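Visitor: sequence first, then the predicted structure:
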There are 2 protein chains.
Amino acid sequence: MKAQKKAAESNEQGRLAQIYYVAAQIFCEKGYDAASMNDIAEAVGITKAGIYHYVKSKQELLYAIINYGMDLLEQEVIVPARALADPEQRLRAIIANHSRIIMRGSVDAGYNPLTILNDEIAGLTPAQRSRILQRKRVYLDLVRETLEQLRSAGRLKDVDTTVAAFSLFGMLLWLSRWYRHDGKLSSQQVTAEISKIALGGLLRPPARLSRK
Amino acid sequence: MKAQKKAAESNEQGRLAQIYYVAAQIFCEKGYDAASMNDIAEAVGITKAGIYHYVKSKQELLYAIINYGMDLLEQEVIVPARALADPEQRLRAIIANHSRIIMRGSVDAGYNPLTILNDEIAGLTPAQRSRILQRKRVYLDLVRETLEQLRSAGRLKDVDTTVAAFSLFGMLLWLSRWYRHDGKLSSQQVTAEISKIALGGLLRPPARLSRK
DNA sequence: TAGATTTTACCGGACGGTAAGTAAGCTGCA
DNA sequence: TGCAGCTTACTTACCGTCCGGTAAAATCTA
């Protein structure tokens, strides 16, 4: 019986993981600048100096969290989307998965890694920032590409794909600011509504009876 | 020749106004927490203590700016919208005017009072915050009401009005994060595209030939 | 198995820096 | 003379960061 390293219930599947988790929560609640290392330390249950045993700097902590947000986005939205050949199905998957991780995030504690990703890029070094922006552009390009494919297939309305992509992002990202779990709509319902609105605004109605 | 209190060109139609203007710019660029009173003072051309001759505290400064943003929204979006009886026209006007002030804001110096309004509510006292949130709800209610009227007139698709209103806000507010004046699209074009997408997603297509 | 040694995981406290805010005084104009 | 409109000089408070130390655990000897 060797590697026995479990703990009772709450924390302790690694302090570092705990620190990341708690820091993400606090950054999300108070904002990066307003959150102090002391706040994080207290919430973890150790001293400020103790944090520095695990983490090099506050900035690096922020970068790790933001990067984790991008990983999440990549694994749960981008990769599954790429697996779909049909552009309409892909677009639907993007909307469904992206809205899901946004709304799921706020479940446990009003905490959402993607919110930090969007709001706190200013706290990064230029090098870190440009790395994140590059990963974001990959996502933007995926959506734009998907829209272009829809256009080629004659299924897209006459809209600019850049504006369309950003509008879609706006709808999705704004979710984290207004959606409440105790509200009258379930996350599935909200996802369905957003899909309806977005696809209705972008896609040509499937030709039913009339033509001109 | 009495009240001669003009200056050459740039500032001095009132220091207070200048301070508000410059502070709004800097809050917008660096964020409320990261911006220091010294930054503002330097940009104005006086000392930090000089700022406190006009302004009671940093928080009050923030509140004034955010409130000014709400005034702008009210005068340029809400009031004109209320004057329109037809709900579709009203919705179009809301989109056009709101997007216009968002994009116009960034003209002079990458500065936009509505961005601060959306991003820096956390810096306010609870009392100030709830006052702002109430004014925001008035706007939300206006949009939701307009959508309900469209529904009554049979012109709205089968979508939830709350999700629809927030999705519209998301599209509009996200504008300030991605729109660049040196980009390939003019602000008028972007407004037109957004109108097309939003209305396409929300409104029933005007019955042309077919029915069922 | 026991003792020696190293490593891990922290704590107390300090350091340099910077922030908001203030007190008190100077200066030019009415 | 008085007051608006500042400035200089300062206080207080906190922030990120790090250093020195330490108790306990892990690891290595013998």
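Guide: That came in fine, so what should we check first?
Visitor: residues of chain A that sit close to chain B?
Guide: A:30-31, A:33-34, A:119, A:122, A:157-160, A:162-164, A:166-167, A:169-175, A:178, A:185, A:189-190, A:193-194, A:196-202, A:205, A:208-210 (CB under 8 Å from any CB of the partner chain). The C-beta positions use only the backbone N, C-alpha and C, and glycine is treated the same way.
Visitor: all the helices of chain A, residue numbers only.
Guide: For chain A, the helices defined by DSSP state H cover A:15-30, A:37-44, A:48-51, A:58-73, A:79-82, A:87-109, A:113-119, A:126-152, A:161-178, A:187-202.
Visitor: how about the residue nearest to A:Gln189 when sequence neighbours are not counted, what does it touch?
Guide: Distances taken as CB to CB, 6 or more residues apart in numbering or on different chains place B:Asp160 nearest to A:Gln189, at 7.5 Å, with adjacent residues excluded. Taking CB atoms under 8 Å, 6 or more residues apart in numbering or on different chains as the contact definition, B:Asp160 lies against A:185, A:189, A:193.
Visitor: then A:Ala198?
Guide: A:Ala198 neighbours (CB under 8 Å, 6+ apart): A:95, A:167-168, A:171, B:167, B:201.
Visitor: what about DNA strand C: which of the residues you listed touch it?
Guide: By CB under 7 Å from any atom of the strand, no member of the contacts of A:Ala198 lies near DNA strand C.
Visitor: list just the nearest of those residues to DNA strand C.
Guide: A:Met171 (34.4 Å; CB to the nearest atom of the strand).
Visitor: how many other residues sit next to that closest one?
Guide: Using other CB atoms under 10 Å in any protein chain shown, A:Met171 has 27 neighbouring residues.
Visitor: ok, the most centrally placed residue in chain A to A:Ala96 distance?
Guide: Centroid-nearest residue in chain A: A:Leu114, 3.5 Å away (criterion: CA atoms, centre = their mean). Plainly put, A:Leu114 is 15 Å away from A:Ala96 if you go by CB to CB, to the nearest Å.
Visitor: same thing with A:Trp174?
Guide: A:Trp174 is 17 Å from A:Ala96, by CB to CB.
Visitor: dump the residue contacts of A:Leu124.
Guide: Contacts of A:Leu124 (CB under 8 Å, 6+ apart): A:59, A:62-63, A:66, A:132.
Visitor: buried ones among those residues?
Guide: A:62-63, A:66, A:132 (16 or more other CB atoms under 10 Å in any protein chain shown).
Visitor: could you dump the residues you listed to a markdown table with pLDDT and distance to B:Arg100?
Guide: Converted to a markdown table, the buried ones among the contacts of A:Leu124 look like this (pLDDT from 0 to 100; distance: CB to CB, whole Å):
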| residue | pLDDT | distance to B:Arg100 |
| --- | --- | --- |
| A:Leu62 | 97 | 35 |
| A:Tyr63 | 97 | 36 |
| A:Ile66 | 97 | 32 |
| A:Ile132 | 97 | 30 |
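Visitor: of all the residues you listed, which two lie farthest apart?
Guide: A:Leu62 and A:Ile132 (10.5 Å; CB to CB).
Visitor: okay, now the closest residue to A:Thr191 other than its chain neighbours: neighbour count?
Guide: Distances taken as CB to CB, 6+ apart place A:Ser99 nearest to A:Thr191, at 4.6 Å, with adjacent residues excluded. Neighbour count of A:Ser99, defined by other CB under 10 Å: 26.
Visitor: shouldn't A:Ser99 be in contact with A:Ile197?
Guide: No - with contact defined as CB atoms under 8 Å, A:Ser99 does not reach A:Ile197; the gap is 11.6 Å.
Visitor: what's the spacing between A:Lys157 and DNA strand C?
Guide: 47 Å (CB to the nearest atom of the strand, to the nearest Å).
Visitor: got a list of what that residue touches?
Guide: A:201-204, B:196-197, B:200.
Visitor: relative to A:Asp71, which of the residues you listed is nearest.
Guide: Ranked by distance to A:Asp71 (CB to CB), the contacts of A:Lys157 are led by A:Leu202 at 27.8 Å.
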